[in-house]
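Novice: Generate coordinates for the sequence data below:
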Amino acid sequence: MSALYRLLAWSSPAFPTGAFSYSHGIEAAAEDGTVRDRASLETWIAAIVVRGSGRIDADLLCEAYRAAADADAEAVAEAHRRGCAYRATAELALESAQQGAAFLTAYRAAWDPDLPASSAPVAGSRRIPETDEGACYAAAFGAAAARAGVALADALVAYLQALAANLMSAGLRLGLIGQSDGQRILAALEPAIGAAAAAAIAREPAAFGGASFAAELASMAHETQYSRLFRS
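Specialist: Numbering: from 1, shown residues only. Have a look, this model is predicted:
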């Protein structure tokens, strides 16, 4: 019950990562009309979760989770470094790094007060100094999940569902959909998120990477968009 409780808390919109301030390029896609309704928003979110940043984050989460479970501080640090480096645009890098730093701040304050401020969560007694590149949100989430005894599959589903829900919320606040359509999107994405989590567990390290070129172009366009609600 403790592991489930913590997983629900960490993946909740109430956990202060600042996720609400990011649209992951959806704002730019809405501006040019590419994303305009429930169907196009659902397709866009599915692509991000299954083939884009969601796929990359799922692999990083797995990498950090397994390293933390083995108390391998250097391997957790490597997951953070890869997570910070493997971003296609400046905005997407900022999105991951700032959420990662915010996650670790809240995690240390409320859930692991004995963890030194210069450390990220690692299972066992070993600690990991933060890298010069900063924190990676997916890696921090994965390491914390391992430390709490959360099952890897459950951590992946929670993380990817939270990502999809935040992107849906961005579409809602942009006026693309209403509340009911937002829930229909999340219901429709359940099989894709479950499959993405299972694929991440089974995937070989050599298959690391994503393919969401349209979302990355939208993120680049958003960096110079004149009027914006979101930071990405």
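Novice: Only C-alpha atoms from now on, for both contacts and neighbour counts.
Specialist: Noted.
Novice: And the next helix or strand past the lowest-mean-pLDDT helix or strand in the chain?
Specialist: Using mean pLDDT, DSSP states H and E, the weakest-scoring helix or strand in the chain turns out to be strand 128-129, at a mean of 40. Where DSSP states H and E defines the elements, the next helix or strand beyond strand 128-129 is helix 137-148.
Novice: Which elements pack onto that following helix?
Specialist: Under the contact criterion of 3 or more CA pairs under 8 Å, 6 or more residues apart in numbering; DSSP states H and E, helix 137-148 touches helix 2-10, helix 53-69, helix 73-85, helix 90-110, helix 152-173.
Novice: I'd like to know the average pLDDT value across the third one.
Specialist: Regarding helix 73-85, the rounded mean pLDDT is 92.
Novice: Report the inter-axis angle for that helix versus helix 137-148.
Specialist: Taking axes from the mean of the first three to the mean of the last three CA atoms, to 10 degrees, helix 73-85 and helix 137-148 form an angle of 150 degrees between their directions.
Novice: Also compute the angle for helix 73-85 relative to helix 90-110, please.
Specialist: 140 degrees.
Novice: now swap in the first one and tell me
Specialist: Between the direction of helix 2-10 and that of helix 90-110, the angle (the same axes, to 10 degrees) works out to 130 degrees.
Novice: Going by neighbour count, list what's buried in helix 2-10.
Specialist: Within helix 2-10, the residues scored as buried using 16 or more other CA atoms under 10 Å are Ala3, Leu4, Arg6, Leu7, Trp10.
Novice: and the longest helix for this structure?
Specialist: Criterion DSSP state H: the longest helix present in the chain is helix 179-202.
Novice: Packing partners of the helix or strand just after that helix?
Specialist: Counting by DSSP H and E, the element after helix 179-202 in chain order, helix or strand, is helix 213-222. If you count contacts as 3+ CA pairs under 8 Å, 6+ apart, helix 213-222 packs onto helix 26-31, helix 90-110.
Novice: ok and helix 213-222 relative to helix 90-110, angle-wise?
Specialist: If you take the same axes, to 10 degrees, helix 213-222 sits at 90 degrees to helix 90-110.
Novice: related to what we said a few turns ago, same list, the helices and strands packed on helix 213-222, but as TSV with mean neighbour count please.
Specialist: Compiled in TSV, the helices and strands packed on helix 213-222 are given as follows (neighbours: other CA atoms under 10 Å):
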stretch	mean neighbour count
helix 26-31	23
helix 90-110	19
